[in-house]
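Enquirer: Fold the following, please.
(one chain, ligands or ions: 2)
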Amino acid sequence: MTHHRIGVMGGSFDPIHNGHLVAASEVAHRFDLDRVLFSPTGLAWRKTAEHAASAELRYLMTVVATAADARFDVTRVDIDRQGPTYTVDTLRDLQAQFVQEHPDDTASWFFITGADALADIVAWRDPDQILAHAHLIGVTRPGHELADPGLPAGAATLVEVPALAISSTDIRARVGRGEPIRYLVPAGVQHLIAKHGLYAAPQP
Ligand code: ATP
Ligand code: MG
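Expert: Ligands and ions are numbered 1, 2, ... in the order given. Just a heads-up that it's a prediction; the model follows:
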């Protein structure tokens, strides 16, 4: 029997950028995780679809961005499920998959979110359901205050990660304005954005 320590990072990853990768890498190191699973959302339940890349291209960019890191993997559970993505479904599906693939093993689950998304989970979703499946890890993010949003004691850990003031929104806007995104995203992601002409329309 093996015990696994698995991190999960959900996001629209439209596109994935170095801020996501640094946060996941730092948490993997600090919490001694064997794996971090990146899960691109199906429909982003609070986001407009305007100027968004397709689920398949977001998935592809996430695969390319994580390919060189042995700890990182990408899951399709959210993009293969119909309808908007809820974190509790992500965790439930991944845990069911884990039991199928490793019937004799056990696992500890960690859900990694930036400061903004941590506040969102508490404001918009039922955090108890999520907490039944995973320990929450809130990471610092420039421009957002990281504070315990009133979760039960021990339910969440706040972690300081190297600050990268990068957002997918800003990257889409930069592409729309013809500004460079080199060094903000992995080179392969930059190439996919150019190859598929993503985010080329001016952003509102
Ligand atoms: P958008 O601007 O489209 O919302 P985003 O940059 O916020 O994109 P998401 O895919 O929404 O990226 O975020 C996925 C997860 O990564 C969220 O938990 C978010 O808080 C976290 N995250 C995103 N960017 C950073 C960053 N620069 N530093 C730390 N965490 C981040
Ligand atoms: Mg976001």
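Enquirer: Look up how far ligand 1 lies from the residue lying closest to Tyr183 once chain neighbours are set aside.
Expert: In space, and not counting its chain neighbours, Tyr183 is closest to Asn18: 7.5 Å by CB to CB, 6 or more residues apart in numbering. From N, CA and C alone the C-beta is placed, and that goes for glycine too. Using CB to the nearest ligand atom, to the nearest Å, Asn18 is found at 8 Å from ligand 1.
Enquirer: let's have the chain start at 40 instead
Expert: Right, with 40 as the first residue, what we last looked at is Asn57.
Enquirer: so Asn57 makes contact with Ile220?
Expert: No. Contact between Asn57 and Ile220 fails when scored by CB atoms under 8 Å: they sit 10.1 Å apart.
Enquirer: Counting neighbours, what do you get for Asp108?
Expert: Counted with other CB atoms under 10 Å, residues neighbouring Asp108 total 13.
Enquirer: got it, and the one 3 residues further on?
Expert: Counted with other CB under 10 Å, the burial measure for Phe111 works out to 21 neighbours.
Enquirer: What residues does the closest residue to it other than its chain neighbours make contact with?
Expert: Nearest residue to Phe111, sequence neighbours excluded (CB to CB, 6+ apart): Thr105, at 3.7 Å. Taking CB atoms under 8 Å, 6 or more residues apart in numbering, we find Thr105 in contact with 55, 60, 77, 111-113.
Enquirer: Can you tell me which of those residues end up in strands?
Expert: When strands are assigned by DSSP state E, the members of the contacts of Thr105 inside them are 77, 111-113.
Enquirer: Looks to me like Ser64 is in a helix.
Expert: Yes. Ser64: assigned to a helix according to DSSP: H, G, I helix; E, B strand; the rest coil.
Enquirer: From ligand 1, how far out is the closest residue to it other than its chain neighbours?
Expert: Of all residues not flanking Ser64 in the chain, Asp108 sits nearest, at 7.3 Å (CB to CB, 6+ apart). To ligand 1, Asp108 is 16 Å away according to CB to the nearest ligand atom.
Enquirer: can you count the residues close to His59?
Expert: Neighbour count of His59, defined by other CB under 10 Å: 23.
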